[in-house]
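Novice: Pasting the sequence and the predicted model now:
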Amino acid sequence: MKKHIAILPGDGIGPEVCEAATKVLSEIGKMYQHQFEFTFADLGGVAIDKSGTPLPAETLSVCKQSDAVLLGAVGGPKWDTLPGDQRPEKGLLGLRKELDLFANLRPVTIYDALADASPLKDDIIQGVDLVIVRELTGGLYFGEPRERRGEGKEQLAVDTLVYSRKEIERIVRKGFEFAKIRGGTLTSVDKANVLESSRLWREVVDEVAQDYPDIEYSHMLVDNAAMQLVRNPRQFDVIVTENMFGDILSDEASMITGSLGMLPSASLSQDGPGLFEPIHGSAPDIAGKGVANPLATLSSVVMMLTYAFEMTDEADALAEAINDVLEAGHRTADLTNDASKALSTEEMTNQVIDALTKK
Ligand code: NAD
Ligand code: IPM
Ligand code: MN
């Protein structure tokens, strides 16, 4: 099968983890007789440096014509002082909006071999298998007005948290659909004791739930959810929540697995190409050193194979290969206290390829 994949390496460790992904995809292409055609395009800081804008028209057009998009990460200190609408992150937000990627899936899977890498106790993390379904194109990230008003001590900054019934309904429905496929339960996370948008969110969840009488669901306030994720993460199956809460809770949840460098994501629209990216950022503190953990990005490739291409054998083989290298004791620096044993990004990637081709 022939597939066009847009690769947006971005900034910091983005190009390093994307290189791992293209290497692995090429290997899978050879093994299963697929043609994965990569088109590289600029997004974020690298695009600002080259063309003065974080989301060039050319990049958007490459993505729209692709079957799937793979993204490394964007941002970094070099661009931190730019005005908000010219920052690298604005390019990613623009891409999510333009491709209508409203559904962001962030699965949290425990690897037995990594039990010692998590700061949480073994008996708390054993058996955790949850997915955060994060709304990605609305809420505080996009609400208008967003501006500065006045000057000096009188200055104000305004962000707007707005959600339409339609926006809530489509993401909540996704949440219930996933709960149905997984044969599990749904927890809707909000702040309905304070926020009007959350009260509408709760109403819509109760309405949509009528269409899923077999799914057990509940509401949870976000501050409690943050605590429960650490106290007893096993209680969760599908968590559906708004944009900002999902961003924060998913970084928190990544530590159940042991590292932010482990968590993948898929951002999906109703019908266009999906975007697949690790949940971590450009990690300026380790960029250029070749030590970034590529597994979040490789697991994002698993999600691409699954959701964009429906290549389940290929996806299963890569997921197993990742599990195998961890079982064999291979670790990047973020997963071990023993620096002398830590593998580089390239070494870890080669281990995954070895495990894959041995199947
Ligand atoms: P970050 O996720 O980049 O890094 C947080 C910490 O986790 C750092 O110590 C980093 O070294 C570590 N880390 C992250 N990924 C890792 C990996 N694969 N392997 C090993 N260690 C890893 O978050 P930050 O430092 O708050 O943000 C840095 C920049 O990244 C900012 O400009 C931010 O806006 C941007 N960012 C981009 C994305 C994205 O493109 N999707 C996501 C989050 C943050
Ligand atoms: C993420 C990131 C982005 C977000 C930033 C870089 C805009 O933190 O993908 O989790 O907040 O959504
Ligand atoms: Mn984030």
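Specialist: Everything's here; your move. Ligands and ions are numbered 1, 2, ... in the order given.

Novice: burial of the closest residue to ligand 2 within the stretch 101-250 of the chain, as a residue count?
Specialist: For the stretch 101-250 of the chain, the residue positioned closest to ligand 2 under Cβ to the nearest ligand atom is D247, at a distance of 4.4 Å. Any C-beta I mention is one placed from the backbone N, CA and C, and that applies to glycine too. Other residues near D247 number 19, with proximity taken as other Cβ atoms under 10 Å.

Novice: Report the secondary structure element holding the residue of the stretch 201-350 of the chain found nearest ligand 1.
Specialist: Evaluated by Cβ to the nearest ligand atom, the stretch 201-350 of the chain has G281 as its residue closest to ligand 1, separated by 2.3 Å. Secondary structure here is read from DSSP states H and E; on that basis G281 sits in neither a helix nor a strand.

Novice: Point to the residue nearest the middle of this structure.
Specialist: S265 (3.0 Å; Cα atoms, centre = their mean).

Novice: bridging residues for that one?
Specialist: Taking DSSP bridges as the rule, S265 bridges to E277.

Novice: Now do D116, the pLDDT please.
Specialist: We note a pLDDT of 89 for D116 in this prediction.

Novice: That one - that's part of a helix, no?
Specialist: Yes. Counting by DSSP: H, G, I helix; E, B strand; the rest coil, D116 is located in a helix.

Novice: check contacts around it.
Specialist: If a contact means Cβ atoms under 8 Å, 6 or more residues apart in numbering, then D116 has no contacts.

Novice: picking that back up, before we move on, what SS does the residue nearest to the residue of the stretch 101-250 of the chain closest to ligand 2 when sequence neighbours are not counted have?
Specialist: Once flanking residues are discounted, D247 sits nearest to R134: 6.9 Å by Cβ to Cβ, 6 or more residues apart in numbering. Taken by three-state DSSP, the conformation at R134 corresponds to strand.

Novice: Can you report how many residues lie near R134?
Specialist: The number of residues packed around R134, counting by other Cβ under 10 Å, is 29.

Novice: Residues in a beta bridge with it, which ones?
Specialist: Here R134 shows beta-bridge partners N104, T241, assigned using DSSP bridges.

Novice: and the gap between it and E242?
Specialist: As judged by Cβ to Cβ, to the nearest Å, R134 and E242 stand 8 Å apart.

Novice: For stretch 263-276, buried residues please.
Specialist: Under the neighbour-count criterion of 16 or more other Cβ atoms under 10 Å, stretch 263-276 has L263, P264, S265, A266, S267, L268, S269, P273, G274, L275, F276 buried.

Novice: before we move on, what about stretch 41-60?
Specialist: Across stretch 41-60, burial judged by 16+ other Cβ under 10 Å covers 41-48, 54-56, 59-60.

Novice: Pop out the phi and psi values for the closest residue to A225 other than its chain neighbours.
Specialist: Among residues not flanking A225 along the chain, V189 sits closest, at 4.6 Å (Cβ to Cβ, 6+ apart). Listed backbone geometry of V189 is phi -110, psi 130, with angles given as degrees, to the nearest 10.

Novice: What of F236?
Specialist: Note on F236: backbone dihedrals following degrees, to the nearest 10 are phi -100, psi 140.

Novice: and it, what is it in contact with?
Specialist: So, once contact is read as Cβ under 8 Å, 6+ apart, F236 ends up touching L130, T187, Q228, L229.

Novice: wait, doesn't the last one sit right on L249?
Specialist: Yes. Applying Cβ atoms under 8 Å as the test, L229 and L249 come out as touching, 6.5 Å apart.

Novice: continuing past the host helix or strand of L25, what's the next helix or strand?
Specialist: Per DSSP H and E, L25 falls inside helix 14-32. Reading on from helix 14-32 to the C-terminus, the next helix or strand found by DSSP H and E is strand 35-40.

Novice: L25: neighbour count?
Specialist: Counted with other Cβ under 10 Å, the burial measure for L25 works out to 23 neighbours.

Novice: quick one: pLDDT of it?
Specialist: pLDDT, L25: 98.

Novice: how far away is the closest residue to A117 other than its chain neighbours from A333?
Specialist: By the measure of Cβ to Cβ, 6+ apart, the closest residue to A117 outside its immediate chain neighbours is G258, 3.1 Å from it. Distance from G258 to A333, counting by Cβ to Cβ: 12 Å.

Novice: Counting neighbours, go ahead and name the busier of the two.
Specialist: When neighbours are counted by other Cβ under 10 Å, G258 and A333 differ, and G258 comes out ahead with 25 against 20.

Novice: What separation is there between that one and Q235?
Specialist: The gap separating G258 from Q235 is 20 Å, by Cβ to Cβ.

Novice: what's the answer for E346, then?
Specialist: According to Cβ to Cβ, E346 stands 39 Å off from Q235.

Novice: Same question for P107.
Specialist: P107 sits 16 Å away from Q235, going by Cβ to Cβ.

Novice: Looking at the two, which one has more neighbours?
Specialist: Taking other Cβ under 10 Å, P107 and Q235 do not tie; P107 has more neighbours (21 against 14).

Novice: element containing the closest residue to the more buried one other than its chain neighbours?
Specialist: Taking Cβ to Cβ, 6+ apart, and ignoring the residues beside it in sequence, P107 has V131 as its nearest neighbour in space, at 4.5 Å. When elements are defined using DSSP H and E, V131 is found to belong to strand 129-135.

Novice: contact partners of that strand?
Specialist: 102-110, 163, 167-168, 171, 174-175, 178, 182, 233, 236-243, 245-247, 249-250, 253.
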